[in-house]
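Trainee: What follows is a predicted protein model with its sequence.
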Amino acid sequence: MRKVYLLVLFMMCIAASFPVYAKMLSTTCVEVITPVTMHKTNEDSSLNHKVPKRDPFELSCYLVGNANTIFLSANKVVSVEVEIENLTTGDYASYYDQISTTTLLLPLSGTGYYRISVTLSDGVNFYGEFDL
C-alpha cells in the first residue's frame, strides 16, 4: 500500500512539472517572424495598355530572425529568380525556383542589412529590404 502512495506522489510531481517545462520551452523557442514589405518596381505605363488582371499577383515575404530564413509564398504558381544580397557584408545568393501557395524557404548568411529581389517569369520585379 505504501508503494502505491509513493507511486501516486511521484506521478503527481511529474504532472505538476509539465506546465513549468512547457512554459520554459515556449519562451526559449519563440521565433521572431517579421513581414517584409515587397514593392513592385514601377513599369512604364505608356507601354502597358492591357486591361488590369482580375486576380492580381500577390507576393508574401516573411523573415524568421532566429532561424535566419526567408519565407516566400504567392497566390499563384509562378517561376521566379530570387536574389538576396547582404548589403553590409556583400554576400550574394541567387535562386531559381517556383513560388506558389506553399512556402519557399531561403537561408540567409548572417546579420546585416539585406535586399531581396524577386523577378517573375513575365519580367515583373519586386524588391524588399530588411535588417537582420
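Mentor: Yep, it's here. Residues are numbered from 1 along each chain as shown.
Trainee: how about the strands in this protein?
Mentor: Secondary structure of the chain (DSSP state E): strands at 33-35, 39-40, 59-64, 69-74, 78-86, 92-99, 104-107, 113-120, 125-131.
Trainee: Tell me which strands the first one pairs with, and in which orientation.
Mentor: Looking back up the chat, that one is strand 33-35. If you go by DSSP bridges, strand 33-35 pairs up with strand 59-64 (antiparallel).
Trainee: just the fifth one next, same as before
Mentor: As defined by DSSP bridges, the strand partners of strand 78-86 come to strand 92-99 (antiparallel), strand 113-120 (antiparallel).
Trainee: Equivalent analysis for the second one, please.
Mentor: Sheet partners assigned to strand 39-40 using DSSP bridges are listed as strand 125-131 (antiparallel).
Trainee: quick revisit: most tightly packed of the strands paired with strand 78-86?
Mentor: Most buried of those, by mean neighbour count (mean count of other Cβ atoms under 10 Å): strand 113-120, with a mean of 18. (C-beta placed from N, C-alpha, C; glycine too.)
Trainee: Give me the contacts around that strand.
Mentor: Contact partners of strand 113-120, identified using Cβ atoms under 8 Å, 6 or more residues apart in numbering, comprise 36, 38, 57, 59, 61, 70, 72, 78-88, 99, 108, 125-132.
Trainee: Quick check: Tyr113 vs Thr119, distance?
Mentor: Per Cβ to Cβ, to the nearest Å, Tyr113 is found 21 Å from Thr119.
Trainee: for the chain, which spans come out with low pLDDT?
Mentor: Within the chain, the stretches with pLDDT under 70 are 1-31, 42-53.
Trainee: Which residues are in contact with the nearest residue to Tyr95 once chain neighbours are set aside?
Mentor: Take Tyr95 and drop its neighbours on the chain: the residue closest to it by Cβ to Cβ, 6 or more residues apart in numbering is Val82, 4.5 Å away. With contact set as Cβ under 8 Å, 6+ apart, Val82 has these partners: Leu72, Ser94, Tyr95, Tyr96, Asp97, Leu104, Leu106, Ile116, Ser117, Val118, Thr119.
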